[in-house]
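Chemist: Predicted structure and sequence below. I'll ask about it afterward.
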Amino acid sequence: MSAVADRPFLDRSFFASDPVRCAEALVGCTLVWGACAGIVVETEAYAAEGDAACHTFRRPSARQFVADHPAGAAYVYFNYGMHWLANVLVKGEAEGFVLLRAVQPVAGLAWMRRRRGPRDVAELCSGPGRLARAFGIDGRHHGVDLCAGGRRGFLARVRTPEIVRGPRVGISLAQEKPWRFAVGGNPHVSRPRPG
DNA sequence: TTCGTGATAGAG
DNA sequence: TCTATCACGAAG
């Protein structure tokens, strides 16, 4: 846990931005979740306004979530009958979410393998469903504050990564928006590789 | 490429 | 009640 020790979490002002900028800024930061931690290597932005792929476009419950929670709250939902997906609420100049798509594991590898099975490190968290599974993220965490200190939050970048940008993955609407961000060439990024 | 699996929301 | 849809992943 030395990679995690004695550094403060990103505070709420980090998420009081807009979802696209925030998604890019989060790449290279470290996600800390209890005993597990990983460097964020891939994100996507979803805008509450004008983005047909965002849950807020169709789901009243998502709009209510935005209204009821502060920036930096976790938005966790169950999809395809089997996968949990983890997002962070952004509320600032614009509102929306940042989907956490992949991290490079740095702590808690034993826990991740216990949940995901004995896999290669590059397979542990290289996708939003995989990441949530490896970190033990599920519906219990829907709405938790990631800017409150304690066990869960983000650490600032130690280095600025080389970020590549491309279209979002796995959506049918608003595919034209290049709102996926990833660390160029990083093996922990999900497929299809951007670039 | 195909299919498992379930929450959500809107229509009937 | 019924149905379409869905920000996925594992196996084949």
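Modeler: Everything's here; your move. Residues are numbered from 1 along each chain as shown, chains lettered A, B, ... in the order given.
Chemist: What strand or helix carries A:A110?
Modeler: Using DSSP states H and E, A:A110 falls within helix A:109-116.
Chemist: What distance do you get for the closest residue to DNA strand C within chain A to A:Q64?
Modeler: At 2.0 Å from DNA strand C, A:G170 is the closest residue in chain A, using CB to the nearest atom of the strand. All C-beta spots, glycine's among them, are computed from the backbone N, C-alpha and C. To A:Q64, A:G170 is 24 Å away according to CB to CB, to the nearest Å.
Chemist: Give me the more crowded residue out of these two.
Modeler: Remark: of A:G170 and A:Q64, A:G170 carries more neighbours, 15 against 11, as counted by other CB atoms under 10 Å.
Chemist: so, in contact with DNA strand C or not, stretch A:23-30?
Modeler: No: counting by CB under 7 Å from any atom of the strand, DNA strand C is not contacted by stretch A:23-30; separation bottoms out at 10.5 Å.
Chemist: What's the mean pLDDT across that stretch?
Modeler: Averaged across stretch A:23-30, the pLDDT comes to 98.
Chemist: Between the two ends of that stretch, how far is it?
Modeler: In terms of CA to CA, to the nearest Å, the two terminal residues of stretch A:23-30 are separated by 13 Å.
Chemist: Poorly predicted segments of chain A, please.
Modeler: Judged by pLDDT under 70, chain A has its weakly predicted residues at A:1-5.
Chemist: residues contacting whichever residue of it sits closest to DNA strand B?
Modeler: Of all residues in chain A, the one sitting closest to DNA strand B is A:G81 (2.7 Å; CB to the nearest atom of the strand). By CB atoms under 8 Å, 6 or more residues apart in numbering, the contact set of A:G81 is empty.
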